[in-house]
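Asks: A structural model of the following input is requested.
(2 chains)
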Amino acid sequence: MKHTAQIISTYSCDTSGVGSALYELGGMTVMHDAGGYAGIYSTHDEPRWYEMDSMIFISGLTETQAILGDDSKFINDTIETAQRLHPKFIALGGSPIPMVVGTDFPALAREVEHATGIMTFGFDTNGMNSYISGDNLAFAELAKRVCQAEVPKSTTFSVNLLGVTPLDFSLNGTVQAMEQALTDRGVKIQSNWAMGGTLEDIEQAGAAHVNLVVSAGGLLAAKVLQKRFGIPYVIGIPYGKAFTDKLVSALHQAAETGTSTSLCQPHPDNKTIIIGESVNRLTLVNAFYDATGAGATVLCPVDAAPELLSKGCLPACDEDELKPFLNDATTIIADPMYQPICPETARFISLPHEAFSGRVNHGKMRNLVTEFEDFQAEIQG
Amino acid sequence: MLMNAHTNMKTADPKTCLPISQVSFPMPFDIGLEYSTPARGHWTIVHTGLALPEAHLIYVCPQGCLRGVVLSAAELGVSDRFSTIEVAEENVLQGDLEDQIIDGVNHIIDELPNTPPAIELFTSCIHQFLGLDLHMVFGTLRADHPEIQFTDCYMNPIMRKGKWNPNQKMRRQLYTLLKKTTERDDHAVNFVGDDFAIDHSSELYQLLAQNHYTVREVATCQTYADYQEMAKSVVAITRQSPAMAAGKLMKVRYGQEHLHLPYTYNYDEIEQNLQTLADALHLDYQPDLALRAQTDAALAHAYALIGDTPIYIDSSFSPRILGLARVLLAHGFNVTDLYVDGFDEYDQDDLKALQASTPELRVHPSVDPGMRMIDRSTDDKVLAIGQKAAYFTNSPYFVNIVQGAGFDGFDGLQKIAALMEDAYQTPKDVESVIQVKALGWGCNCL
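Replies: Below you'll find the model as predicted:
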């Protein structure tokens, strides 16, 4: 792959994914980076930055430290700051240069944890993978480290929402609507990983009957919780009334059988192309397919859940990989920053994605939980 | 957990607040982990690079590094002048970085609707660490595309704290695309290394204009051809320290006299700059005492309105905020707090003077993690000068300019006084105003 983009944007990276996943949980995330990642994250990847304080910092790595493999300043500064700010946990993550010099983040995390007595995670992020990779690392680590103890099952049917960040769901009410749609159908939200919830909620995640994976970034955590507590998972998002009913049925069935399932089945049709995150866009395809019988092909430019890849959900990152599909399509549903590489002959339907165009289209993000039917009508023309 | 960094120095965390009498040059605070405020009005290397008309920018970086620059271009509405080549793990492991760049640039040129006259090609930290052969890359590209000028630019923040940092490099590299010429325009002067155009009502500009000099600078160039005219000028003026390398380039490569006329608010230094310029161009210049009086009057007028209202100033406002604090204090204003993470060599005299005259003046870092957790409010109305000061005080009464905004001299001080009055009377929405990137970019409308 050439990895070139003549004009389109690029997705949030793994380092930002970690920050976004852990943002609201009271921890301190330190990106081991020279300088750029703090500004990039706070400006383009984190719409909560102004309104909601969170302890996300960079180390300010220098050339000399990198060349000498000197981690001492990074470690000491992290310890000193943790002792001042008292976070509930600490997360260390990397960027390209720490990867090149072979920084061992899990080892550094153990050193920091030993010195501070604060639970510390070390993530091998390097700025070269998508935010989904970072989400997965962060949520899986929470599952491993925070959800240790067996807890009694909730007396009411309950789920954990896994993979919830504004990079996929923005700040436009989608998350609240998602919870409301489930609650209205008698499903209690045990914990939300991790918007609007707390670390204490997550500690009690074992009380849930099922995990609902709403983005590929929540899948690794679901697998950890399945292994540890035997909680099955369902993949899908409550988009639209009919599909949400179907989803809730699947949740109950999973709880009864103990078997995980995905509602993100492929329904390939290369005349309609949808670009974006695999769970999100396949949910749209399925909700649309259930309602109309029409399919669509998803092009996924970010890390996908491997089990979701098929002829109906193809990995495609570069403009060169995307263009052949776009040139054959009659309808394209994607973030507006893809439009310059779409043929004029195709109908373009805007579906902004925070992880792609960031704050450029922040005010135009769509709430597909409450507005799916409108969106469906728009697709049908 | 909110901390009070503003009102009580005795209880404040010394990592977030020190009296100026206790701060050291050049670093008032030890820098550990760093916080990034939401104030985004300052320019970065991508904004500086995009100021060159018609040039196409190509960034070659890992995904995480590309994200900021590609969206910066998008926010300015110039995505059509911006392309990327993403360095992936496979490129690092295979060691094909040179081929990736050459093939990627060729591919992008093929895809562009028009051939640009110039390409600014940015490599990054990872290329520096993996020993990219820049000579081979640029040699090949120049041979393959003789119709395009290429220059090497650098997004390598790993050098950010060094003495030869990306900010200085960008300001220099912007002029490497000028074509050497034997033509000389004896009545043309360049301002180099500034993001903002010199204000046309400033004394510096007026001295040149009144003596029939053409003033050239990237910020006012409308076309690439306009930019190339800068090669013919006889003098290159710099005003801020990070621009010094650009000035030296103009001297060494293009034979222009380099004058460094440091940005200042000090009346004597303002006149000294004008005298230096006049001497270099053999112009008649006599200090105008009326300008001093007019500036005093403007500041007095502002003080009559603002009175003892506490004033907070941050270093994003201009390159010399210690000097600004000093002149405001001398005119009676109640400057109480400064936000600054490091001092410039030209700050030394102002620092010493403030330590002697106003030892209780509070100094704060902007990047210390503790600043994330401070109480961003003040009990009474305050006037903030600069976006970070506005953010940290959550004051809607703030002067919204960055990097000096092209102001200069007595005229600049008078304009600042007027802006202070306006800011004091007209509240702004801090959240929406300060988060806009690159304040003033594209406003080459002087």
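Asks: what residue ranges in the stretch 251-381 of chain A score low on pLDDT?
Replies: Counting by pLDDT under 70, the stretch 251-381 of chain A contains no low-confidence range.
Asks: Can you name the residue of chain B nearest chain A?
Replies: B:Gly64 (2.9 Å; Cβ to the nearest Cβ). All C-beta spots, glycine's among them, are computed from the backbone N, C-alpha and C.
Asks: residues touching that residue, list them.
Replies: A:13-16, A:37, A:40, A:95-96, A:126-128 (Cβ atoms under 8 Å, 6 or more residues apart in numbering or on different chains).
Asks: May I have the phi/psi pair for A:Thr120?
Replies: Backbone torsions for A:Thr120, taken as degrees, to the nearest 10, come to phi -130, psi 130.
Asks: Now do the helices in the stretch 201-350 of chain A.
Replies: Here the stretch 201-350 of chain A has its helices, by DSSP state H, counting those that start in this stretch, at A:219-229, A:241-257, A:278-292, A:319-328.
Asks: most tightly surrounded among these?
Replies: Among the helices of the stretch 201-350 of chain A, helix A:278-292 has the highest mean neighbour count (mean count of other Cβ atoms under 10 Å in any protein chain shown), at a mean of 24.
Asks: Tell me which other helices or strands it touches.
Replies: Packing partners of helix A:278-292 (3 or more Cβ pairs under 8 Å, 6 or more residues apart in numbering or on different chains; DSSP states H and E): helix A:241-257, strand A:272-275, strand A:297-300, strand A:313-315, helix A:372-380.
Asks: Out of those, the one nearest chain B is which?
Replies: Across the helices and strands packed on helix A:278-292, the minimum distance to chain B, taken as Cβ to the nearest Cβ, is reached by strand A:313-315, at 13.3 Å.
Asks: tell me which residues of the closest one are tucked away?
Replies: Residues A:313-314 are the ones in strand A:313-315 that count as buried (16 or more other Cβ atoms under 10 Å in any protein chain shown).
Asks: Following the record's annotation, map out the domains of chain A.
Replies: Split into domains by automatic domain parsing, chain A comes to A:14-129, A:158-262, A:272-380.
Asks: picking that back up, out of the helices of the stretch 201-350 of chain A, which gets nearest to B:Lys437?
Replies: Nearest to B:Lys437, of all these, is helix A:319-328, at 24.8 Å by Cβ to Cβ.
Asks: Nearest spatial neighbour of A:Gly102, chain-adjacent residues omitted?
Replies: In this structure, A:Gly102 finds its nearest non-sequential neighbour in A:Gly69, 7.8 Å apart by Cβ to Cβ, 6 or more residues apart in numbering or on different chains.
Asks: Kindly report the same for B:Arg320.
Replies: Distances taken as Cβ to Cβ, 6+ apart place B:Tyr263 nearest to B:Arg320, at 5.3 Å, with adjacent residues excluded.
Asks: repeat for A:Ser95
Replies: A:Asp33 (3.9 Å).
Asks: Residue of chain A closest to chain B, please.
Replies: Going by Cβ to the nearest Cβ, chain B is nearest to A:Gly127 of chain A, at 2.9 Å.
Asks: Just to be sure, that residue is in a helix?
Replies: No. Counting by DSSP: H, G, I helix; E, B strand; the rest coil, A:Gly127 is located in no helix; its state is coil.
Asks: is stretch B:157-167 anywhere near chain A?
Replies: Yes. Using Cβ under 8 Å from any Cβ of the partner chain, stretch B:157-167 reaches chain A at B:157-162.
Asks: For that stretch, buried residues please.
Replies: Those buried within stretch B:157-167 under the rule 16+ other Cβ under 10 Å are B:157-161, B:165-167.
Asks: among these, which two are most distant?
Replies: Farthest pair in these, by Cβ to Cβ: B:Ile158 and B:Asn167, 13.4 Å.
Asks: and residue 67, what does it touch?
Replies: No chain specified, so I'll use chain A. A:Val101.
Asks: Correction: the question concerned chain B.
Replies: A:9-13, A:16, A:40, A:44-45, A:358.
Asks: Phi and psi next, for residue 117.
Replies: Since you didn't name a chain, this refers to chain A. phi 70, psi 10.
Asks: Tell me how many other residues crowd it.
Replies: Per other Cβ atoms under 10 Å in any protein chain shown, the neighbour tally for A:Gly117 reads 9.
Asks: Quick check: bridge partners of the nearest residue to B:Ala423 once chain neighbours are set aside?
Replies: In this structure, B:Ala423 finds its nearest non-sequential neighbour in B:Val399, 4.6 Å apart by Cβ to Cβ, 6+ apart. Beta-bridge pairing for B:Val399 (DSSP bridges): B:Ile385.
Asks: Is B:Val399 in contact with B:Met420, as I believe?
Replies: Yes. Under the criterion of Cβ atoms under 8 Å, B:Val399 makes contact with B:Met420 at 5.9 Å.
Asks: which residues do those two both contact?
Replies: With Cβ under 8 Å, 6+ apart, B:Val399 and B:Met420 have common neighbours B:383, B:385.
Asks: The residue nearest to B:Ala423 and A:Asp245, how far apart?
Replies: Taking Cβ to Cβ, to the nearest Å as the measure, B:Val399 falls 56 Å from A:Asp245.
Asks: buried set for whichever strand or helix holds B:Val252?
Replies: Using DSSP states H and E, B:Val252 sits in helix B:244-254. For helix B:244-254, a neighbour-count test (16+ other Cβ under 10 Å) marks B:244-247, B:249-250, B:254 as buried.
Asks: Adding pLDDT and distance to chain A, write those out as CSV.
Replies: Converted to CSV, these look like this (pLDDT from 0 to 100; distance: Cβ to the nearest Cβ, whole Å):
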residue, pLDDT, distance to chain A
B:Met244, 97, 21
B:Ala245, 97, 18
B:Ala246, 98, 21
B:Gly247, 98, 25
B:Leu249, 98, 23
B:Met250, 98, 28
B:Tyr254, 97, 30
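Asks: quick one: the residue nearest to the spatial centre of chain A from B:Pro242, how far?
Replies: Chain A has A:Gly217 as the residue nearest its centroid, 4.1 Å off, counting by Cα atoms, centre = their mean. Distance of A:Gly217 to B:Pro242, given as Cβ to Cβ: 40 Å.
Asks: My reading is that B:Leu305 lies in a strand. Confirm?
Replies: No. Counting by three-state DSSP, B:Leu305 falls outside a strand, being helix.
Asks: Could you list the residues in contact with stretch B:238-258?
Replies: Residues external to stretch B:238-258 that are found in contact with it (Cβ under 8 Å, 6+ apart): B:164-165, B:167-169, B:171-172, B:174-176, B:178, B:180, B:190-194, B:198, B:231, B:233-237, B:259-263, B:280, B:319, B:344-346, B:404, B:408.
Asks: what's the neighbour count on the residue lying closest to B:Trp441 once chain neighbours are set aside?
Replies: Leaving aside its sequence neighbours, B:Trp441 sits nearest to B:His47 (Cβ to Cβ, 6+ apart; 5.2 Å). Neighbourhood size, B:His47 [other Cβ under 10 Å]: 22.
Asks: hmm, back to that, quick one: closest of the helices of the stretch 201-350 of chain A to A:Asp303.
Replies: Distance to A:Asp303, taken as Cβ to Cβ, is lowest for helix A:278-292 among the helices of the stretch 201-350 of chain A, at 8.4 Å.
Asks: Mind telling me what element the closest residue to A:Val101 other than its chain neighbours is part of?
Replies: Excluding the flanking residues, the one nearest A:Val101 by Cβ to Cβ, 6+ apart is A:Ala66, at 5.3 Å. Here A:Ala66 sits within helix A:63-68, counting by DSSP H and E.
Asks: Identify the residues contacting the one helix or strand in chain B whose mean pLDDT sits lowest?
Replies: Within chain B, no helix or strand scores below helix B:89-94, which has a mean of 93 by mean pLDDT, DSSP states H and E. Here helix B:89-94 makes contact (Cβ under 8 Å, 6+ apart) with A:3, A:99-100, A:126, A:128-129, B:97, B:100, B:126, B:130.
Asks: and that helix, C-alpha only, in PDB?
Replies: Presented in PDB, the C-alpha positions along helix B:89-94 are these (Å, rounded to 0.1, in the frame of the first residue of the first chain):
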ATOM      1  CA  GLU B  89       4.600  -0.100  10.900                       C
ATOM      2  CA  GLU B  90       5.400  -2.100   7.700                       C
ATOM      3  CA  ASN B  91       7.400   0.900   6.400                       C
ATOM      4  CA  VAL B  92       9.400   1.000   9.600                       C
ATOM      5  CA  LEU B  93      10.000  -2.700   9.500                       C
ATOM      6  CA  GLN B  94      10.800  -2.900   5.800                       C
END
